[in-house]
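Asks: Quick one: sequence plus predicted model below, questions after.
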Amino acid sequence: MARLLQFSTTCVPSSDGDCRAIGRLRSGSYCHHLQSGGPISCHSARACSFYGSTASSLRWQLWTRTSERSSPWNRIATAMSSMKELQLGVITVQEKEEDRLKGDENRSGTLRVALVCGGPSEERGISLNSARSVLDHLEGGDVSVSCYYMNQKLEPFGIPSALMYSNTPEDFDFKIASTARSFKSQAEFLEHLQATSDIVFPALHGRFGEDGGIQALLESAGLPYIGTGAAAAQVAFDKYDAAAEMAWHGFATLPIFLVENGKVDINRLRGWFEDNNINANSGRVVVKPARSGSSVGVSVAEGLDTAVQHAEALFNKGGNDRVVIEMFAEGALEFTALVLDVGFGNETRPVALFPTEVELSGLDYESDGENETAIFNYRRKYLPTRQVSYHTPPRFSEETINKIRNRAAFISNSQSS
């Protein structure tokens with residue numbers, strides 16, 4: 001599920017930044033190893049990420065109340081031994097892909113990647129950061145990257161790679177008229193991609209990027225692409241629908257309340273507070289857009305009245321037609337896990353990499369000036385801070401780690417089947 005499982009995770013890095021477990025994957029396997037350098041790979045330095053060619057390049061964010069801890073040596077040993085499963089699968093993919101390419105006399109041997117960024121959401125800036133990271137780590141050798149930008153009207157442009165290093169989306173929009181190739185329509189754009197690329201790497205965030213929009217567009221043209229399929233992305237991007245889907249599959253989820261059409265039903269919300277034993281005067285809840293990413297618009301509210309104010313503020317801001325109010329998970333631990341489809345053609349299986357534990361610390365040292373205590377907000381995700389530490393493998397017991405991986409693979413497989 002695309003929003004529960006998103007682009008990034010980390011694994012055990014070596015001193016030069018490559019993964020100790022399997023190293024840099026060849027581009028011919030359609031599974032690329034990226035060192036960190038932007039939000040698309042990882043938020044912490046010296047980490048690495050992997051991107052598979054089919055539906056399950058996803059991020060799974062769940063909460064656990066476990067306090068189990070294991071020693072660092074046991075965690076490292078567990079990580080290194082279990083990664084052998086992924087290593088064997090990747091080797092098989094590479095061997096089969098190499099055999100296929102040897103039999104294709106018309107192929108030049110260069111993988112042509114179409115990198116698409118921009119989009120209509122508030123996360124356009126993050127999209128540009130992601131695209132720069134992808135370009136830096138893929139371009140060269142037997143990989144050729146062509147860059148494309150979609151503006152807020154979803155009009156596509158072919159752009160020179162140098163333009164990718166513009167500072168902000170506003171700089172991008174200013175330069176695009178004189179430096180970019182415009183397409184008359186999305187249909188013309190898709191025809192161009194069919195003729196000039198082998199695979200598409202969507203680096204759009206938020207609306208149209210992670211909600212199944214760009215995925216459905218590419219699928220309509222039969223274009224292969226990196227990441228989650230359109231149907232799974234659509235379900236997973238909406239936080240309320242995703243929670244319902246997870247609950248249906250037997251996962252424990254936090255109580256959640258949906259607000260639609262810009263108006264909060266205070267009586268229904270009061271009943272929800274009572275049903276879930278949340279104090280209407282001081283109980284903490286999390287208020288957030290149902291269809292947004294990167295923690296944009298997420299805040300913590302204390303009590304029913306404050307929750308209503310936060311929800312109404314999101315509606316008044318515009319761009320949000322659904323808002324969710326969720327119970328605050330006191331003392332919870334946050335982690336992410338990446339699931340890859342390992343195999344070839346129809347012979348694939350999901351393999352979950354090791355989870356990354358997200359530790360928030362030093363919250364008193366760097367004050368937000370807002371009531372966002374102990375949440376992984378936009379600033380902590382994308383800007384330098386002393387408040388966030390990442391642990392891969394996580395400081396959980398081996399049993400907990402294996403359970404996370406198994407359940408991540410299960411939900412990924414259920415969405416791709």
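Replies: That came through fine.

Asks: where does the stretch 301-417 of the chain have low pLDDT?
Replies: Applying pLDDT under 70 to the stretch 301-417 of the chain flags residues 362-374, 378, 383-384, 416-417.

Asks: all strands for it, in order.
Replies: Under the criterion DSSP state E, counting those that start in this stretch, the stretch 301-417 of the chain contains strands at 322-327, 333-336, 338-344, 347-352, 356-360, 388-391.

Asks: need these in a markdown table with distance to M246 and mean neighbour count, can you?
Replies: C-beta coordinates here come from the backbone N, C-alpha and C atoms, glycine included. Converted to a markdown table, these look like this (distance: least, C-beta to C-beta, whole Å; neighbours: other C-beta atoms under 10 Å):
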| stretch | distance to M246 | mean neighbour count |
| --- | --- | --- |
| strand 322-327 | 13 | 21 |
| strand 333-336 | 15 | 23 |
| strand 338-344 | 14 | 24 |
| strand 347-352 | 15 | 20 |
| strand 356-360 | 19 | 19 |
| strand 388-391 | 24 | 16 |
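
Asks: For A307, which of those strands is the nearest?
Replies: Among the strands of the stretch 301-417 of the chain, strand 322-327 comes nearest to A307, with 5.4 Å by C-beta to C-beta.

Asks: Pairing partners for that closest one, with directions?
Replies: Within its sheet, and counting by DSSP bridges, strand 322-327 is paired with strand 256-260 (antiparallel), strand 284-289 (antiparallel).

Asks: what sits up against it?
Replies: 238-240, 254-260, 269, 272, 276, 278, 285-291, 301, 307, 311, 314-315 (C-beta atoms under 8 Å, 6 or more residues apart in numbering).

Asks: Pretty sure L314 sits against N320.
Replies: Yes. Counting by C-beta atoms under 8 Å, N320 is a contact partner of L314 at 4.9 Å.

Asks: Between those two, which has more neighbouring residues?
Replies: A direct count of neighbours by other C-beta atoms under 10 Å for L314 and N320 places L314 higher, at 24 against 20.

Asks: any idea how far G271 is from that one?
Replies: 21 Å (C-beta to C-beta, to the nearest Å).

Asks: returning to that earlier point: out of the strands of the stretch 301-417 of the chain, nearest to G229?
Replies: Per C-beta to C-beta, nearest to G229 of the strands of the stretch 301-417 of the chain: strand 338-344, 10.6 Å.

Asks: how much does the closest one deviate in direction from strand 347-352?
Replies: 160 degrees (axes from the mean of the first three to the mean of the last three C-alpha atoms, to 10 degrees).

Asks: For strand 338-344, name the packing helices and strands.
Replies: strand 48-51, strand 58-59, helix 72-102, strand 347-352, helix 398-416 (3 or more C-beta pairs under 8 Å, 6 or more residues apart in numbering; DSSP states H and E).

Asks: which other helices and strands contact the last one?
Replies: Using 3+ C-beta pairs under 8 Å, 6+ apart, the elements in contact with helix 398-416 are strand 62-64, helix 72-102, helix 230-237, strand 338-344, strand 347-352.

Asks: what residue ranges in this structure score low on pLDDT?
Replies: 1-108, 362-374, 378, 383-384, 416-417.

Asks: Quickly list the domain ranges of it.
Replies: Domain assignment of the chain by automatic domain parsing yields the ranges 27-237+337-356+392-412, 255-327.

Asks: Indicate which one of the ones you listed is closest to R379.
Replies: Taking those one by one with C-beta to C-beta, domain 255-327 is closest: 8.6 Å.

Asks: follow-up on the earlier one: for the strands of the stretch 301-417 of the chain, could you give me CSV that also reports distance to A231?
Replies: Shown next, in CSV, are the strands of the stretch 301-417 of the chain (distance: least, C-beta to C-beta, whole Å):
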stretch, distance to A231
strand 322-327, 19
strand 333-336, 22
strand 338-344, 15
strand 347-352, 16
strand 356-360, 27
strand 388-391, 31
